[in-house]
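Trainee: Model the structure of this input:
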Amino acid sequence: MESSEALNSVDAAMKKAVEHTSSEFTSIRTGKASPALVENLDVSVPSYGSVMKLKGLAVITSPEPRMLLVQPFDPTTTGDIEKAIRESKLGLNPVNEGIKLRLPIPELSEERRVELVKNVKAMAEEGRISIRAARKEGMDAGKKMKSDNTVTEDGQRDFEAEVQALTDKATKDLDALVMAKEKEVMTV
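Mentor: This next block holds a predicted model:
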């Protein structure tokens with residue numbers, strides 16, 4: 001493997017870790033209604049015989065700042081969707097209106113905000129673990145290239161410095177996301 005290929009692979013893995021963590025952050029409730037809050041909920045639909053994401057079963061809109069409206073494509077799945085929302089850890093209580101569900105988004109208490117910040121930090125740590133795993137793969141690739149005599153000792157050192165620079169950049173990007181999400185959660 002050439003060093004540029006290995007660096008591209010490490011960079012892609014780190015970017016993927018940051019993007020995944022960012023998408024995980026969308027499931028954290030901030031007090032504002034956002035379809036991203038529920039669109040990735042897994043809904044078990046016995047009539048279909050499978051588990052599907054909510055966004056594949058319904059249109060999710062935000063008609064008011066503190067309200068989500070879920071309109072299933074198939075009205076027979078309304079009960080299944082309601083059950084999945086109630087069982088999720090979001091703390092939402094859907095109002096079943098027959099062919100659609102209203103999800104009022106309650107105001108977050110200070111205690112709940114602190115708990116959500118802890119969840120954000122836990123998700124961020126998972127992202128950091130993924131970044132460190134990609135760094136380790138990069139460092140191992142550098143050692144393998146050295147042992148295969150495709151790079152010199154100085155080349156290995158330069159390669160490892162570039163991997164570390166990518167790690168630092170990915171960690172900085174992740175920290176910026178965490179700070180922004182914490183601020184969003186704590187804003188009343």
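
Trainee: what sits against the residue nearest to A17 when sequence neighbours are not counted?
Mentor: Counting by C-beta to C-beta, 6 or more residues apart in numbering, S130 is the residue found nearest to A17 once chain neighbours are left out, at 3.5 Å. In this view, the C-beta of every residue, glycine as well, is placed from N, C-alpha and C. Applying C-beta atoms under 8 Å, 6 or more residues apart in numbering to S130 gives the contacts 13-14, 16-17, 20-21.

Trainee: Format the residues you listed as a markdown table; extra columns: secondary structure, distance to K144 and neighbour count.
Mentor: Shown next, in a markdown table, are the contacts of S130 (DSSP: H, G, I helix; E, B strand; the rest coil; distance: C-beta to C-beta, whole Å; neighbours: other C-beta atoms under 10 Å):
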| residue | secondary structure | distance to K144 | neighbour count |
| --- | --- | --- | --- |
| A13 | helix | 16 | 18 |
| M14 | helix | 19 | 26 |
| K16 | helix | 22 | 14 |
| A17 | helix | 22 | 23 |
| H20 | helix | 26 | 14 |
| T21 | helix | 28 | 23 |
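
Trainee: closest to R157 among those?
Mentor: M14 (20.2 Å; C-beta to C-beta).

Trainee: roughly how far apart are that closest one and K146?
Mentor: M14 sits 22 Å away from K146, going by C-beta to C-beta, to the nearest Å.

Trainee: if I pick the most centrally placed residue in the chain, what's in contact with it?
Mentor: In the chain, the centroid-proximal residue (C-alpha atoms, centre = their mean) is E24; its distance is 1.7 Å. Residues near E24 by C-beta under 8 Å, 6+ apart: 123, 126-127.

Trainee: Try it again at 10 Å.
Mentor: With contacts defined as C-beta atoms under 10 Å, 6 or more residues apart in numbering, the neighbours of E24 are 40, 119-120, 122-124, 126-127, 181.

Trainee: hmm, back to that, now do the buried residues in the helix or strand where the residue nearest to A17 lies.
Mentor: Following DSSP states H and E, one finds S130 within helix 110-147. For helix 110-147, a neighbour-count test (16 or more other C-beta atoms under 10 Å) marks 113, 116-117, 119-120, 123-124, 127-128, 130-131, 134-135, 138-139, 141-142, 145-146 as buried.

Trainee: Then stretch 92-111?
Mentor: In stretch 92-111, counting by 16+ other C-beta under 10 Å, buried: 92, 94, 100-101, 103, 105, 108.
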